[in-house]
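Visitor: Next one to model:
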Amino acid sequence: MKKITTFILVLVLCIVSFSNDIVWAKQSIEKESYKHSKNEILGSVLDKNNMSSVISNKSSISKLQIKFEDGVATVSFELDNKSLFYKLDLYPGKIHYGENNDSIIGITEDVSENYEILSFRIEKNADSITLMNSNLDFENKTVLSLAICKNNSSDVIYFQDALEDVDFADIKVMSNDNVLYTEEELLEIEKKYVFGKKETEGKSKCEITINQDNNIISSKGYEEGVSGVKEDLMMLEKIEKNNNVYGTNSCSEPNIATMCSLITNISDSLFKSINGTVGKFYFNNYNNERVYGYAQNYFMGTSNVATDIMVFDWDHYTNTSEGVVHQLSCAYDSLVLYNVTTSALGISVVEENPLKATSAYVISELTSNETSNCFVSCEIGQKCSGSTSYLAAIVECALEWTNISTIVWNLQTLKSYASSSSNTTLFYRGTPSLQNTYYGGSMQKISAKNSKSLTQEGDFVYVRGATYTSVSTWSYTYGYALSY
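Guide: All right, here's what the predicted structure looks like:
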């Protein structure tokens, strides 16, 4: 009898323990798996070639089911009497609007019934800048934006829905071990999701040359958009950013009558409408204005404007102690947002800098008679991605002598011509006549091209050259190309 009692007691304990394991397992699964369902969602039809253009508001999907689990979203719905199914890997977004805004993007290559997903983005505390007019009541909610396109069609079906049955914090993204994209690639993907952005079109290079009278000698490759406010030519005032972060303390009208001067010496009007072709790079002519290049896009399904802009300080001057100094530096690289509905204007909190200045270069040239003056030393430097270096790190630099058909680009060759050097500077024969004797001509031009992209505020490419006598006639040239 005692043995039977003991057996029954052990059996009961095992059953209780097993039941607890089942309950724990069920709770664990429920904790890691979340669902959203909707019988019907009304959407809009957009033009694939102009994602701000709403063709029709008469579109819908039905029987939407989304399951979030372990960094993957499983999505199914019905459209045009077809049942569509997708699996998307989830990644953290890179574009935010203020401290409480966040995003997750879903990426897939699945094509179901000839339909592909062009955008899958979930936004925490959604801002009205991303919402279509018909969905402005979704503001401050967790919102799914979903764009679908049938192959070979120019119509994009775009939906937005509040995920009121899902907590944003509970949606898991891919673990670091499974991430397939770089931070920059994720930013570019999210920008395509938010703006329906195509590849940037048109020219992306700019070159400007001015002389000692501050007149433009030549300009190549730039296409002029909206110009900035006039400013002093000889020494550009360093840019002063204010604290207008979009979604936190945006500046807006009518509180400020005309402009909030988001970026010093650039009119705020630049950011409030598309000035040219969507997604195309434009460069302002230096014509007494700040140096900058930009590209613009609309938020999908809206008239709200996003401007990727890189602004430069272009410093160029001569003086007795330093000789000729010439520097092109990145002063400001950001994504500027304008909300048509609220008139809010501000800087987006983007985790990666949106633009890069590739092939940036500066050229300083004496234009006086080569027998009366010349460069007698040169200092060439760059700062790329926050790291400063001189001479040896410059992969492309040049000294140009008159009467020499080949420009010397190789740094070791430049050093071999030098009569002496320091850690930062190469020194050459000290008069035009000596240079003519040793080099077959006098040194009239110094140029430098950065070996890496300018990507951070403060990055620069720079030359300095001491001259035989004071400089009376000269020209300065800068050039760069923009890319994402």
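Visitor: Return the residues in contact with residue 430.
Guide: 376, 468 (CB atoms under 8 Å, 6 or more residues apart in numbering). C-beta coordinates here come from the backbone N, C-alpha and C atoms, glycine included.
Visitor: ranges for the strands of the stretch 301-450 of the chain?
Guide: Remark: strands assigned in the stretch 301-450 of the chain by DSSP state E, counting those that start in this stretch are 305-319, 323-338, 344-347, 349-350, 356-366, 377-384, 387-390, 396-401, 420-421, 425-427, 443-449.
Visitor: got CSV for those strands, with distance to residue 479, mean neighbour count and mean pLDDT too?
Guide: Compiled in CSV, those are given as follows (distance: least, CB to CB, whole Å; neighbours: other CB atoms under 10 Å; pLDDT from 0 to 100):
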stretch, distance to residue 479, mean neighbour count, mean pLDDT
strand 305-319, 11, 21, 86
strand 323-338, 8, 23, 87
strand 344-347, 27, 23, 86
strand 349-350, 26, 18, 66
strand 356-366, 5, 22, 83
strand 377-384, 15, 23, 83
strand 387-390, 21, 14, 72
strand 396-401, 12, 21, 51
strand 420-421, 27, 12, 84
strand 425-427, 23, 17, 87
strand 443-449, 9, 24, 81
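Visitor: Can you say which of those is nearest to residue 93?
Guide: strand 349-350 (10.1 Å; CB to CB).
Visitor: thinking again about what came up before, so which of the strands of the stretch 301-450 of the chain comes closest to residue 163?
Guide: Across these, closest to residue 163 is strand 349-350 (CB to CB), at 22.2 Å.
Visitor: ok so, going back, so which of the strands of the stretch 301-450 of the chain gets nearest residue 89?
Guide: strand 349-350 (21.6 Å).
Visitor: Longest strand in the protein, please.
Guide: strand 50-69 (DSSP state E).
Visitor: Specify the angle between the very next helix or strand once past that strand and strand 50-69 in degrees.
Guide: The first helix or strand that comes after strand 50-69 along the chain, using DSSP states H and E, is strand 72-79. Here strand 72-79 points in a direction 120 degrees away from that of strand 50-69 (axes from the mean of the first three to the mean of the last three CA atoms, to 10 degrees).
Visitor: so what does strand 72-79 touch, helix or strand wise?
Guide: If contacts are counted by 3 or more CB pairs under 8 Å, 6 or more residues apart in numbering; DSSP states H and E, strand 72-79 sits against strand 50-69, strand 82-92, strand 115-124.
Visitor: So which of those is the most surrounded?
Guide: strand 115-124 (a mean of 22; mean count of other CB atoms under 10 Å).
Visitor: Give me the buried positions along stretch 184-192.
Guide: 184, 186-192 (16 or more other CB atoms under 10 Å).
Visitor: Select, out of the helices and strands packed on strand 72-79, the one closest to residue 157.
Guide: Comparing the helices and strands packed on strand 72-79 by CB to CB, strand 50-69 comes nearest, at 5.2 Å.
Visitor: elements contacting the closest one?
Guide: When contacts are defined as 3+ CB pairs under 8 Å, 6+ apart, strand 50-69 packs onto strand 33-47, strand 72-79, strand 155-162.
Visitor: Adjacent strands (with direction) for the first one?
Guide: Strands flanking strand 33-47 in the sheet, each with its direction: strand 50-69 (antiparallel), strand 155-162 (antiparallel) (DSSP bridges).
Visitor: mind giving me JSON lines with these and columns for distance to residue 387 and mean pLDDT?
Guide: As requested, the strands paired with strand 33-47 are exported to JSON lines (distance: least, CB to CB, whole Å; pLDDT from 0 to 100):
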{"stretch": "strand 50-69", "distance to residue 387": "38", "mean pLDDT": "89"}
{"stretch": "strand 155-162", "distance to residue 387": "42", "mean pLDDT": "94"}
